[in-house]
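Novice: Have a look at this prediction, sequence included:
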Amino acid sequence: MDSKSTKASPILTDPTPINKSRLGIYSSLLPYSQSGPSFSTSMLTIPRKKPTKLDDVRSNGWLDAMKASSPPRKKLLKDSKLEVASDDSNVAYNSWMVKYPSAINSFEQIITCAGDKKIVIFLDYDGTLSPIVDDPDRAFMSADMRSAVRNVAKYFPTAIISGRSRDKVFELVELTELYYAGSHGMDIISPVRDMLSTEHSNCIQSTDQQGKEVNLFQPASEFLPMIEEVFRALVGNTKDIKGAKVENHKFCASVHYRNVEEKSWPTIAQLVHDVLKDYSRLRLTHGRKVLEVRPVIDWDKGRAVEFLLESLGLSNSDDVLPIYIGDDRTDEDAFKVLRACNRGYGILVSSAPKESNAFFSLKDTSEVKEFLESLVYWKEHNAL
């Protein structure tokens with residue numbers, strides 16, 4: 001597929017807003033723009049509901065999950081003991097890389113396995129194209145990374161699947177050559193295929209701002225009022241927790257505790273628990289120092305990969321090699337799909353050992369850029 005066939009602008013005119021959802025919640029609960037900025041917990045003055053107790057989040061494992069998904073920051077080496085610890089960490093990382101070898105060092109192997117298949121690239125955003133930063137609103141990708149992604153999209157169908165809202169991730173990436181899936185794949189734009197609109201509920205044909213037809217797929221559309229209501233409650237309930245930040249990603253809501261003192265983690269976890277206990281159709285997932293509230297539906301980044309491959313007419317595993325690059329726990333769903341029947345390759349971005357369904361690894365965003373540039377160089381100089 002050439003670049004012309006993939007240049008569908010992701011800025012859509014969405015269907016008429018829901019007046020009353022099947023959840024019985026009116027659209028008057030939606031005063032804020034879904035594509036607007038995230039909210040600091042100091043921006044609203046809704047009275048905070050104090051946590052009833054902290055036993056809930058201890059007994060249900062939330063605190064353990066928060067710590068497991070939030071590795072400590074690297075310490076500066078100041079004495080010989082820390083140097084020894086660092087050496088031990090390097091040994092552990094090198095041992096881990098035997099199981100998850102570098103995608104850069106394994107590049108020839110990946111290309112050889114691709115053979116005559118069409119390569120399709122799927123990318124996470126935070127921690128993959130941009131570094132993890134304290135303020136999620138400032139998670140900008142570099143100009144060099146943007147150039148690398150743009151060049152990859154010239155030769156390979158390329159999509160970004162992010163936990164952020166679709167509008168927000170497009171605002172950060174600013175490339176119309178790509179396909180975008182926001183809210184962990186619950187808000188997707190894809191090429192127009194009539195069969196998709198008929199075979200998938202919540203899939204409609206729409207137009208972008210340039211007037212081009214695209215498919216808009218939102219499998220959790222009925223949850224929009226509920227997510228907005230929960231978002232507002234989370235903002236109000238956590239507003240007194242210093243450093244806490246709540247974001248509305250349209251089909252999910254995120255509570256960031258990256259800048260919250262660890263002693264306050266039980267409190268913020270309990271506050272989130274107290275909100276969610278009244279919403280049986282929502283669930284909690286854990287990311288890097290973030291609690292994410294999502295609808296209870298059978299949909300994730302793995303299903304989004306399958307949908308996008310189908311929409312591109314590339315669902316036949318004999319003709320296509322999907323490559324998914326991501327760094328977070330939510331990317332594991334995509335890795336699982338690609339690992340099934342050796343369908344494609346998952347590449348985990350991590351500087352620390354951790355178990356994964358990926359086949360290969362990259363240490364950080366700079367190595368992601370190098371890998372993407374290698375794909376472009378190979379295509380330009382070796383492919384017929």
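Specialist: Looks like it arrived, so ask away. Numbering: from 1, shown residues only.
Novice: Please count neighbours and contacts with C-alpha atoms only from this point.
Specialist: Fine.
Novice: show me what contacts the residue nearest in space to the middle of the chain?
Specialist: Centroid-nearest residue in the chain, with C-alpha atoms, centre = their mean: residue 162, separated by 2.8 Å. For residue 162, the contact set (C-alpha atoms under 8 Å, 6 or more residues apart in numbering) comprises 124, 125, 126, 169, 181, 182, 183, 184, 185.
Novice: what stretches of this structure score poorly on pLDDT?
Specialist: For the chain, residues meeting the criterion pLDDT under 70 lie at 1-55, 57-59, 70-88, 193-199, 208-210, 383-384.
Novice: Which parts of it are helices?
Specialist: Assigned helices in the chain, in chain order: 55-59, 62-68, 80-99, 107-114, 143-155, 166-173, 194-199, 224-237, 265-276, 301-311, 332-339, 365-381 (criterion: DSSP state H).
Novice: closest to residue 288 out of those?
Specialist: Comparison of the helices of the chain against residue 288 by C-alpha to C-alpha identifies helix 62-68 as nearest, at 8.2 Å.
Novice: in the closest one, what's buried?
Specialist: Within helix 62-68, the residues that count as buried by 16 or more other C-alpha atoms under 10 Å are 62, 63, 65, 66.
Novice: Now for the contacts of residue 162: which two are most distant?
Specialist: 126 and 185 (14.7 Å).
Novice: quick one, which of these two is more surrounded?
Specialist: Between residue 126 and residue 185, counted using other C-alpha atoms under 10 Å, residue 185 has the larger neighbour count: 30 against 23.
Novice: Which among the helices of the chain is found nearest to residue 285?
Specialist: Of all the helices of the chain, helix 62-68 sits nearest to residue 285, with 9.2 Å by C-alpha to C-alpha.
Novice: Just the CA atoms of the closest one, as PDB, please.
Specialist: Coordinates of each C-alpha in helix 62-68 appear next as PDB, following Å, rounded to 0.1, in the frame of the first residue of the first chain:
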ATOM      1  CA  TRP A  62      -4.900  -3.100  44.000                       C
ATOM      2  CA  LEU A  63      -2.000  -1.800  46.000                       C
ATOM      3  CA  ASP A  64       0.200  -4.700  45.000                       C
ATOM      4  CA  ALA A  65      -0.700  -4.100  41.300                       C
ATOM      5  CA  MET A  66       0.100  -0.400  41.600                       C
ATOM      6  CA  LYS A  67       3.500  -1.100  42.900                       C
ATOM      7  CA  ALA A  68       4.200  -3.900  40.400                       C
END
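Novice: Could you give the separation of that helix from the chain centroid?
Specialist: 19 Å (C-alpha atoms, centre = their mean, to the nearest Å).
Novice: Just name whatever secondary elements that helix is in contact with.
Specialist: Contacts defined by 3 or more C-alpha pairs under 8 Å, 6 or more residues apart in numbering; DSSP states H and E place helix 62-68 against helix 265-276.
Novice: which helices and strands sit right next to the helix it packs on?
Specialist: helix 55-59, helix 62-68, helix 224-237.
Novice: rerun that using 6 Å as the cut-off
Specialist: Of the remaining helices and strands, none touches helix 265-276 by 3 or more C-alpha pairs under 6 Å, 6 or more residues apart in numbering; DSSP states H and E.
Novice: before we move on, back to that, most neighbours among the contacts of residue 162, please name it.
Specialist: With neighbours set by other C-alpha under 10 Å, the maximum within those is found at residue 181, which has 32 neighbours.
Novice: Leaving out chain neighbours, which residue sits closest to it?
Specialist: The shortest distance from residue 181 to any non-neighbouring residue, by C-alpha to C-alpha, 6 or more residues apart in numbering, is to residue 188 (4.2 Å).
Novice: for residue 187, same thing?
Specialist: In space, residue 187 is closest to residue 218, 4.7 Å off (C-alpha to C-alpha, 6+ apart).
Novice: what's the distance between the one you found and residue 327?
Specialist: Applying C-alpha to C-alpha, to the nearest Å, the value for residue 218 to residue 327 is 24 Å.
Novice: who has more neighbours, the two?
Specialist: Each of residue 218 and residue 327 has its neighbours counted (other C-alpha under 10 Å); residue 327 has more, 27 against 21.
Novice: Show me what the nearest residue to that one once chain neighbours are set aside is bridged to.
Specialist: Closest residue to residue 327 apart from its sequence neighbours, by C-alpha to C-alpha, 6+ apart: residue 349 at 4.5 Å. Here residue 349 sits in beta bridges with residue 362, going by DSSP bridges.
Novice: contacting residues for residue 349?
Specialist: Applying C-alpha atoms under 6 Å, 6 or more residues apart in numbering, one finds that residue 349 lies in contact with 326, 327, 361, 362, 363, 364.
Novice: would you turn these into a markdown table with distance to residue 224?
Specialist: Output for these, formatted as a markdown table (distance: C-alpha to C-alpha, whole Å):
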| residue | distance to residue 224 |
| --- | --- |
| 326 | 26 |
| 327 | 27 |
| 361 | 35 |
| 362 | 36 |
| 363 | 36 |
| 364 | 34 |
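Novice: Between which two of the residues you listed is the distance greatest?
Specialist: Among the contacts of residue 349, 326 and 363 lie farthest apart (C-alpha to C-alpha), at 11.1 Å.
Novice: Between the two, tell me which one has more neighbours.
Specialist: The neighbour count for residue 326 versus residue 363, taken as other C-alpha under 10 Å, is higher for residue 326 (29 against 16).
Novice: Go ahead and confirm that one touches residue 126.
Specialist: No - the pair residue 326 / residue 126 is not scored as a contact, 8.5 Å apart, by C-alpha atoms under 6 Å.
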